[in-house]
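Visitor: fold the following.
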Amino acid sequence: MPEYVGAVDQGTTSTRFMIFDHDGAEVAKFQLEHQQILPRAGWVEHNPIEIWTRTAAVIQTTLQRARLHAQDITALGLTNQRETTVVWNRRTGRPYHNAIVWQDTRTDRIAAALESDGRGDVIRDRTGLRPGAYFSGGKIQWILENVAGVREAAERGEAVFGTTDTWTLWHLTGGVNGGVHVTDVTNAGRTMLMDLETLDWDDELLSFFGIPRPMLPEIRPSSEPAAYGTTIPYGPLGGEVPITAILGDQQAATVGQVCFSPGEAKNTYGTGNFLLLNTGTDRVRSRSGLLTTPAYKIGDRPAVFALEGSIAVTGSAVQWLRDQLHVITSAPQSEALARQVEDSGGMYFVPAFSGLFAPYWRPDARGAIVGLSRFNTDAHLARATLEAICYQSRDVVEAMRRDSGVALDVLKVDGGVTANDLCMQLQSDILGVPVSRPVITETTALGAAYAAGLAAGYWRDLAELRAHWAEDRRWEPTWSEERREEAYAGWRKAVTRAFDWA
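Guide: As a prediction, this is how the structure comes out:
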């Protein structure tokens, strides 16, 4: 058997390819960023062609640097930014429009219309989601209604839809020459179009958005022993490798953090924050502003579900300090700057650039900095930015406790922001529970690799994967309960100042 498993991680700001060994240790990786296209306020796009060329490049570069070949890879897993919508011509391979990114708010009016006439209740009941610009269904509708010729092409069976997992898989398996048009339950479950009970597209939901069913990919398990397809010999891997796993990025991180038992939770700190709580095979309905979402489905076993709290802007707020305000020159510099002060000096920063997601769901919200005085400096702003990441996560943890009755004993964390030790200490202080970072923080790619290797027989079972998990560092709370609650009350007050702007 070949020695390694590979994973493509197609994210919001970059694409990476990683190779793991049987111990779940990183063997090699390479990563490239892609352009963030911002045509107008609230609109966020990516170039699908650029995403594919970056994907091909990171695969080729990783293999070259590691001196490995396709025959060294047992199986390949894919993980991806969810909800981001690509519509392309299956005959030519050309996208009809830039990808509309999950952060994009142009479809707010579509979501509002669904709520106004009762269709929102149907969406909540069948999909576990709430009508919102976040999800793919409205983005598909917008392209059908606003890009000339797409609806006619869709009705002819030429225009097809996919999130970026589907777009990547289609290219890896041949593209216009027989590429496979498939997604998995975790990505399909983020469209507002899939019934959580049947795990299939729902015709009534499709009618809400005017989407022809032939546009949609086939829905398959997240870990597929039969493989969705194999890579083509003339593609970036240079050989035939079975592709046996697809997982949306947050579900992949759940697998990478080995949260396989009900009650286990992880929080991923990336462009946004995403906290998932495993609820087993029970589809727990939220009363507190959370989403019910598939966590993973392994082969023919029953699907496992999760409660999810999605936060739109966390790590990207640090990018905003760097790229728009030029307060820092690199993301890691935010920690050094924030350490220059003991607290935020009474300042709160609510980074509602794309509205507020869970648990508020306020598309009308916009970013706000409140509590300013002349005393405040750029260091206070940097610290308030890190605190905002942590306060938003506490909002979600509180909602999960109300919905599930589970009080966290420890929070498992992963993603790029976890390299910021001050931010993780603040997270522990603001939550009042320990925060645990694993040795391998790239758990999104690791989870896709785990799911692919399970399907291929590279790993025996979930227990073997759990044995690989190891803690790198743990942060314990240092704030008093009085300080914690007083600071959180100030955050809740600041959040209300961000409402009713859009």
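Visitor: give me the nearest residue to residue 127, chain neighbours excluded.
Guide: residue 192 (5.4 Å; Cβ to Cβ, 6 or more residues apart in numbering). (Glycine included, C-beta is placed from N, CA and C.)
Visitor: next, count neighbours for that neighbour.
Guide: As a burial measure, residue 192 scores 31 neighbours (other Cβ atoms under 10 Å).
Visitor: what's the answer for residue 109, then?
Guide: The burial count for residue 109: 13, using other Cβ under 10 Å.
Visitor: now do the stretch of helix or strand it belongs to: everything it contacts.
Guide: Residue 109 is located in helix 108-116, with elements delineated by DSSP states H and E. With contact meaning Cβ atoms under 8 Å, 6 or more residues apart in numbering, helix 108-116 is reached by 42, 120, 123, 131-133, 138, 141-142, 208-209, 355, 363, 502.
Visitor: repeat for stretch 330-349
Guide: Contacts of stretch 330-349 (Cβ under 8 Å, 6+ apart): 315, 317-319, 321-322, 327-328, 367-373, 375-388, 416, 419-423, 490-491, 494.
Visitor: also stretch 188-203?
Guide: 82-83, 123, 126-129, 131, 135-138, 140, 163, 185, 205-206, 208-209, 211, 213, 216-217, 219, 248, 283, 292-294, 297, 303, 305.
Visitor: picking that back up, list only buried entries from the contacts of stretch 330-349.
Guide: 315, 317-319, 321, 327-328, 367-371, 376, 379-388, 416, 420, 422-423, 490-491, 494 (16 or more other Cβ atoms under 10 Å).
Visitor: tell me which of these fall in helices.
Guide: With DSSP state H as the criterion, helices contain 315, 317-319, 321, 379-388, 422-423, 490-491, 494 from among the buried ones among the contacts of stretch 330-349.
Visitor: what's the burial count for the nearest residue to residue 214 once chain neighbours are set aside?
Guide: Nearest non-adjacent residue to residue 214, counting by Cβ to Cβ, 6+ apart: residue 157, 4.8 Å away. Residue 157 has 12 neighbours, counted by other Cβ under 10 Å.
Visitor: if we can go back for a sec, let's have the contacts of helix 108-116 in TSV, adding secondary structure, neighbour count and pLDDT.
Guide: Below are these laid out as TSV (DSSP: H, G, I helix; E, B strand; the rest coil; neighbours: other Cβ atoms under 10 Å; pLDDT from 0 to 100):
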residue	secondary structure	neighbour count	pLDDT
42	coil	19	86
120	helix	20	92
123	helix	24	95
131	coil	27	92
132	coil	26	90
133	coil	24	90
138	helix	28	96
141	helix	17	97
142	helix	21	98
208	helix	22	96
209	helix	22	96
355	strand	26	89
363	coil	22	87
502	coil	15	80
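Visitor: need the max-distance pair from those.
Guide: 208 and 502 (23.5 Å; Cβ to Cβ).
Visitor: please name the nearest non-neighbouring residue to residue 61.
Guide: Closest to residue 61 by Cβ to Cβ, 6+ apart is residue 30, at 4.4 Å.
Visitor: tell me the contacts of that neighbour?
Guide: Residue 30 touches 16-17, 58, 61-62, 65, counting by Cβ under 8 Å, 6+ apart.
Visitor: in three-state terms, how would the residue of the chain most remote from its centre be classified?
Guide: Computed with Cα atoms, centre = their mean, the residue of the chain farthest from its C-alpha average is residue 374, at 37.9 Å. Under DSSP: H, G, I helix; E, B strand; the rest coil, residue 374 falls in the coil class.
Visitor: where's it relative to residue 347, distance?
Guide: 12 Å (Cβ to Cβ, to the nearest Å).
Visitor: just the buried ones out of the contacts of stretch 188-203, please.
Guide: Buried among the contacts of stretch 188-203 (16+ other Cβ under 10 Å): 82-83, 123, 126-129, 131, 135-138, 140, 163, 185, 205-206, 208-209, 211, 216-217, 219, 248, 283, 292-294, 297, 303, 305.
Visitor: among these, which are located in helices?
Guide: 123, 126-127, 136-138, 140, 185, 205-206, 208-209.
Visitor: could these go into a markdown table alongside distance to residue 88?
Guide: A markdown table is the format used below for these (distance: Cβ to Cβ, whole Å):
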| residue | distance to residue 88 |
| --- | --- |
| 123 | 26 |
| 126 | 27 |
| 127 | 24 |
| 136 | 14 |
| 137 | 18 |
| 138 | 18 |
| 140 | 12 |
| 185 | 22 |
| 205 | 22 |
| 206 | 19 |
| 208 | 23 |
| 209 | 18 |
